[in-house]
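Novice: Okay, sequence plus prediction incoming.
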Amino acid sequence: MGHDCCAIDHNPTRTAAVRRVLWTVLAINATMFAAEISAGVAAGSLALQADSLDFLGDAATYAVSLFVLSRSLTWRAGAALAKGGAMFAIGLVILASAAIGFTSAEAPAHGTMGLVGSVALAANVACAALLYRFRAAESNLRSAWLCSRNDAVGNVAVLAAAAGVWDTATHWPDLIVGVGMAVLAMVASVQVIRQAVGELSVRTVAAAE
């Protein structure tokens, strides 16, 4: 971990490469958020709307990552801490939406769910592949990889929900997936927060010495 942090801080070539990757995944996620939130609302799908919030959160994550890329470890860990909190908050929003959705009996449009879910899966797999080399880096970059990895898993769940809605003609599969995606986001946020707090603690001890 320490090697990765130093490489990013002091190696201009590596920093430029990381920056290019982050700009690419930022563009992908911002575009997918706009497309998926529109489709989710039109289709009446909580799972698609939840996934679009993930794209929005990821776009913000990559934007912050670009801002703190060449800054100190304290800046990067602090940004990761803030992003972890935002991920947890998104999970709570999705859970609240799911609670409201339990009162509805209307099934979402499974065809739209399947089509948009497939496009979203392709987008997240591409982002995860681009970020894979940073999976063991400091918390700021690791959180970026975790976002895309978790979202790819979530997209598979969206496709399963679409199949479930088609098979049962009910909204329950969509709600179940929405809740599952919320829990996944919250678990990932706790992982990021713990690592960021650990890095800040190490930095504080080192400064005190």
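Specialist: Alright, I've got the coordinates.

Novice: How many neighbouring residues does Ala80 have?
Specialist: 28 (other CB atoms under 10 Å). C-beta coordinates here come from the backbone N, C-alpha and C atoms, glycine included.

Novice: likewise the one 10 residues further on?
Specialist: As a burial measure, the neighbour count of Ile90 was computed by other CB under 10 Å and equals 21.

Novice: can you check Glu199 too?
Specialist: 22.

Novice: Find the nearest non-adjacent residue to it, please.
Specialist: Residue nearest to Glu199 in three dimensions, not counting chain neighbours: Ala77, with 4.1 Å by CB to CB, 6 or more residues apart in numbering.

Novice: quick one: the one you found and Arg194 touch, right?
Specialist: No - using CB atoms under 8 Å, Ala77 is not in contact with Arg194; the gap is 11.3 Å.

Novice: More neighbours: these two, which one.
Specialist: Ala77 (24 against 13).

Novice: In which helix or strand does that one reside?
Specialist: Applying DSSP states H and E as the criterion places Ala77 in helix 73-101.

Novice: cool, Asp58 as well?
Specialist: helix 46-68.

Novice: Going by neighbour count, list what's buried in that helix.
Specialist: Residues of helix 46-68 classed as buried: 46-62, 64-65, 68 (neighbour count, 16 or more other CB atoms under 10 Å).

Novice: by contact count, what packs against that helix?
Specialist: helix 12-43, helix 73-101, helix 110-131, helix 139-168, helix 172-208 (3 or more CB pairs under 8 Å, 6 or more residues apart in numbering; DSSP states H and E).

Novice: so where's this protein uncertain?
Specialist: 1-14, 68-73, 76, 101, 104-105, 137-140, 143, 202-209 (pLDDT under 70).

Novice: And the residue nearest the centre of it?
Specialist: Cys147 (3.1 Å; CA atoms, centre = their mean).

Novice: That one contacts Val64, doesn't it?
Specialist: No - proximity of Cys147 to Val64 does not meet the contact threshold set by CB under 8 Å, at 11.4 Å.

Novice: excluding its backbone neighbours, what's nearest Ala60?
Specialist: Closest residue in space to Ala60, ignoring its immediate chain neighbours: Ala86 at 6.9 Å, by CB to CB, 6+ apart.

Novice: number of nearby residues for that neighbour?
Specialist: Count around Ala86 with other CB under 10 Å applied: 18.

Novice: mind checking how far it is from Val93?
Specialist: 10 Å (CB to CB, to the nearest Å).

Novice: Repeat that for Leu22.
Specialist: 25 Å.

Novice: Who has more neighbours out of those two?
Specialist: Neighbour totals were compared for Leu22 and Val93, and Leu22 leads with 23 against 14 (other CB under 10 Å).

Novice: what about Ala169, how many residues close to it?
Specialist: 9.

Novice: Packing partners of the helix holding Ala77?
Specialist: Helices and strands touching helix 73-101, as assessed by 3+ CB pairs under 8 Å, 6+ apart, comprise helix 2-10, helix 46-68, helix 139-168, helix 172-208.
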